[in-house]
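K.L.:
Attaching a predicted model along with its sequence, questions to come.
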Amino acid sequence: MPILLAMLMLRGPNLQLVRSAALEVLSSLPDSSPRKLSAFLAAGGLFVLLSMLSPSTKQGHEAEVERAAQLFEELLAQHGGVLAPLLEECNPSSLLQKLAKDSRSSAKTKQHALAGRRVLERGETLGRPPRGDVRAERRLQSAGAAVAGGYSPPSGRSSRASSPNPLLPGGVTLRLLLDQREHSSESLAQALGEFQGKVLKASDVVLCELSADSGLAELAAAAARGGFTPALPRLSTILGKFAGHPKARAICGSLLLKYLKFSEIPEVLPFSWAQLPSAMRSALLEILEEGIHADTAKALRSEDARAVLALLQDQSTPDLQAFALRVLRNLFDPGRKGDADVVRFVPQALSGALTAAMPAHPVLGLEVLGTLALKEDFRAYFANQQPLTKFLAHCCLQPDTCKGSDVAAVQRAASRCLAHLGVSSAQRHQVVALRGLFGSTADLTVKAYLGIALGIEHETQRTQLFPGRLAEL
């Protein structure tokens with residue numbers, strides 16, 4: 001099959017006979033055995049056909065495009081259930097519409113293109129699974145998953161030379177391997193080792209394709225639950241590579257959350273955290289954070305809100321506390337896309353959770369508090385909590401008491417919170433001390449925030465507008 005597809009991809013008018021011969025062999029594909037069709041799908045043959053049908057890349061004689069259009073239509077009509085997930089993001093209807101309107105297309109090519117487009121628009125055939133026994137259907141679906149969530153077509157002999165008996169040759173993905181048969185821990189370790197080799201050698205484009213392998217996401221979720229311990233070093237390397245690439249990190253994060261839901265994290269990670277390698281911990285949290293950020297842009301579920309509070313209150317794993325604080329900061333960020341239902345967080349409950357996390361992560365906790373204070377309901381609640389404003393004033397006046405944190409960062413974050421919440425004139429001792437800091441600090445950021453918190457800006461403006469009147473008073 002890889003040889004046939006390679007023949008189709010050969011360019012130039014002198015190779016027309018080669019391409020025609022390959023199409024002739026593939027013409028029996030719709031009525032062939034599921035094994036042959038699964039090999040076609042796993043090798044990326046469907047997308048080779050789409051490239052031949054695209055008006056922008058159409059090559060060779062019109063007869064080739066006509067034969068390819070006929071083959072594509074027959075595949076849609078007879079095996080739509082397998083092709084549906086592969087075509088979901090390819091927008092083939094638009095391509096077929098352009099092909100039907102292309103003046104260079106023959107009448108038969110236009111007819112096949114329109115017929116295929118009607119099948120896609122009806123969606124009736126696409127909703128039915130392919131006929132045959134259960135094993136054949138599963139083999140076809142796994143082959144489809146290999147391409148939909150997988151990566152490049154087979155690379156020929158070089159892919160077989162890396163291992164005496166490779167488990168992931170060519171276009172086979174971890175997803176396809178997991179779906180096809182039962183596995184021992186040794187075979188999974190071997191497959192993961194082959195996958196790791198591909199990841200380490202991958203270019204940026206191939207790395208993104210590899211990160212879309214849902215089989216890897218399933219294995220990573222199993223490791224996070226405390227299983228698959230022999231593969232932890234390899235998973236650590238693979239996830240670290242994905243975490244260092246923004247697009248691969250987002251793709252892997254979205255898939256990982258399908259096997260390890262955000263609401264399950266407080267029940268899973270604290271118990272397996274100690275056995276995970278340190279590099280895997282950081283990479284796993286980065287990937288999960290990216291996936292959660294994309295997921296919560298749509299809607300915030302009540303179980304997710306409870307998970308955030310549980311992670312903040314669990315002081316046994318400071319890394320997970322910091323993770324929850326970052327998730328919370330991104331969720332309430334005014335510049336984020338989407339409009340999540342942040343009302344699910346009750347100010348009283350969130351205040352208690354922040355208090356539990358603040359000693360271990362003062363700067364991050366203050367940043368979250370300052371972001372929450374931008375919301376009217378949180379600002380109204382926090383402004384009436386005198387112990388909180390005393391703590392913020394203490395952080396401004398004695399930031400060095402927050403051990404392990406940058407003094408300037410603590411002072412800026414605390415003064416920002418006070419700027420949003422204000423300082424009551426009844427707290428005379430704090431007002432006097434903060435005014436003294438306002439006059440002595442060389443940090444312009446701290447000075448600006450304190451000026452807003454103490455109302456000094458307004459006093460200065462009134463002095464400039466009515467100097468004589470204020471002098472009399």
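P.N.:
Now that the structure is in, tell me what you want to look at.

K.L.:
show me where pLDDT drops low in the stretch 301-450 of the chain?
P.N.:
By pLDDT under 70, the low-scoring segments of the stretch 301-450 of the chain are 336-343, 425-428.

K.L.:
Let's see that with 50 instead.
P.N.:
By pLDDT under 50, the low-scoring segments of the stretch 301-450 of the chain are 340-341, 343.

K.L.:
mind listing the helices in it by residue range?
P.N.:
Counting by DSSP state H, counting those that start in this stretch, the segments of the stretch 301-450 of the chain that form helices are 302-313, 318-332, 347-357, 362-372, 376-383, 386-397, 407-421, 428-440, 444-454.

K.L.:
Any chance of TSV for the ones you listed, columns mean neighbour count?
P.N.:
Every residue, glycine included, has its C-beta placed from N, CA and C. Listed next are the helices of the stretch 301-450 of the chain as TSV, based on neighbours: other Cβ atoms under 10 Å:
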stretch	mean neighbour count
helix 302-313	20
helix 318-332	21
helix 347-357	17
helix 362-372	23
helix 376-383	16
helix 386-397	18
helix 407-421	22
helix 428-440	14
helix 444-454	19
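
K.L.:
Domain ranges for the chain, per the record?
P.N.:
Domain assignment for the chain by automatic domain parsing gives 2-142, 193-295, 299-384, 385-473.

K.L.:
In a markdown table: the helices of the stretch 301-450 of the chain, plus distance to residue 69.
P.N.:
Listed next are these as a markdown table, based on distance: least, Cβ to Cβ, whole Å:
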| stretch | distance to residue 69 |
| --- | --- |
| helix 302-313 | 47 |
| helix 318-332 | 47 |
| helix 347-357 | 58 |
| helix 362-372 | 55 |
| helix 376-383 | 59 |
| helix 386-397 | 69 |
| helix 407-421 | 62 |
| helix 428-440 | 75 |
| helix 444-454 | 64 |
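
K.L.:
now for the domains of the chain, which one comes closest to residue 166?
P.N.:
Go through the domains of the chain one by one with Cβ to Cβ and the one that ends up closest to residue 166 is domain 193-295, at 5.9 Å.

K.L.:
Tell me if I'm right that residue 207 and residue 245 touch.
P.N.:
Yes - look at residue 207 against residue 245 with Cβ atoms under 8 Å: they come within range, at 5.7 Å.

K.L.:
of those two, who's got more company?
P.N.:
Comparing residue 207 with residue 245 by neighbour count (other Cβ atoms under 10 Å), the higher total belongs to residue 207, at 21 against 16.

K.L.:
quick one: which helix or strand includes residue 240?
P.N.:
helix 232-243 (DSSP states H and E).

K.L.:
after that helix, next one along is what?
P.N.:
Note on helix 232-243: by DSSP H and E, the next helix or strand toward the C-terminus is helix 246-259.

K.L.:
which outside residues touch that following helix?
P.N.:
Residues outside helix 246-259 that contact it (Cβ atoms under 8 Å, 6 or more residues apart in numbering) are 149, 204, 207-208, 210-212, 214, 216-218, 220-222, 239, 241-243, 286-292, 294-295.

K.L.:
what ranges do the strands span in this structure?
P.N.:
Using DSSP state E, no strands are found in the chain.

K.L.:
wait, what's in contact with the residue lying closest to residue 415 once chain neighbours are set aside?
P.N.:
Closest residue in space to residue 415, ignoring its immediate chain neighbours: residue 449 at 3.7 Å, by Cβ to Cβ, 6 or more residues apart in numbering. Going by Cβ under 8 Å, 6+ apart, residue 449 touches 412, 415, 416, 418, 419.

K.L.:
swap the cut-off to 6 Å and go again
P.N.:
415, 416, 419 (Cβ atoms under 6 Å, 6 or more residues apart in numbering).

K.L.:
Surely the second one touches residue 370?
P.N.:
Yes - using Cβ atoms under 6 Å, residue 416 and residue 370 qualify as a contacting pair, with a distance of 4.4 Å.

K.L.:
Low-confidence ranges, the stretch 151-300 of the chain, go.
P.N.:
The stretch 151-300 of the chain contains residues with pLDDT under 50 at 151-164.

K.L.:
rewinding a little: residues contacting the helix holding residue 240 from elsewhere in the structure, which ones?
P.N.:
By Cβ under 6 Å, 6+ apart, the list of residues contacting helix 232-243 reads 192, 196, 199, 211, 220, 223, 248-249, 252, 277, 279-280, 283-284, 286-287.
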